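In: Any chance you can model this:
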Amino acid sequence: MDDENKPLAKYDVDHNKVDYTEAPNIVWAALLDLRYKIEVVRKRDYAGMLYMFDGKSGDTLMFSKEVSLAYGALFGPDMDDVQTWQNTAIEVIDGRTKSSR
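Out: So this is what the prediction gives:
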């Protein structure tokens, strides 16, 4: 499956859980507001792509951006990276919500 078209992780929206242990190259994944599926997928040693999908719109891709991976994220994501990705996701959602009012 093309990781730019649909989420790779398994999302359990009813229980607010994400499982990406078996998804290829996912460094981090999260569920925001029980709607937005967010994934960082490794593309190169120190770079990945942040993808955001709208779960209420059939998991359509709503945002993507190249991001850095500190230390290559060999043992999982760096906490500073996660904070940056979370902030980016919140800014995207807040901007989208404001523009739809």
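
In: Show the residue spans covered by the helices in the protein.
Out: Applying DSSP state H to the chain gives helices spanning 79-99.

In: Flag the shaky bits of it, pLDDT-wise.
Out: 1-3, 72-74, 97-101 (pLDDT under 70).

In: all strands of the protein, in order?
Out: All strands of the chain, identified by DSSP state E, fall at 10-12, 17-19, 26-32, 36-44, 47-54, 60-68.

In: And those: which comes nearest Ile90?
Out: Across these, Ile90 has its closest neighbour in strand 26-32 (7.5 Å, Cβ to Cβ). All C-beta spots, glycine's among them, are computed from the backbone N, C-alpha and C.

In: Hey, what's the angle from the closest one to strand 60-68? Just curious.
Out: 130 degrees (axes from the mean of the first three to the mean of the last three Cα atoms, to 10 degrees).

In: Also compute the angle for strand 26-32 relative to strand 47-54, please.
Out: 30 degrees.

In: And the strands of the chain: which comes nearest Val82?
Out: Of the strands of the chain, nearest to Val82 by Cβ to Cβ is strand 26-32, at 6.0 Å.

In: quick one: strands adjacent to that closest one?
Out: strand 36-44 (antiparallel) (DSSP bridges).

In: so can I have CSV of the strands of the chain showing mean neighbour count and distance to Ile90?
Out: Output for those, formatted as CSV (neighbours: other Cβ atoms under 10 Å; distance: least, Cβ to Cβ, whole Å):
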stretch, mean neighbour count, distance to Ile90
strand 10-12, 15, 18
strand 17-19, 14, 17
strand 26-32, 20, 7
strand 36-44, 20, 10
strand 47-54, 20, 11
strand 60-68, 14, 12
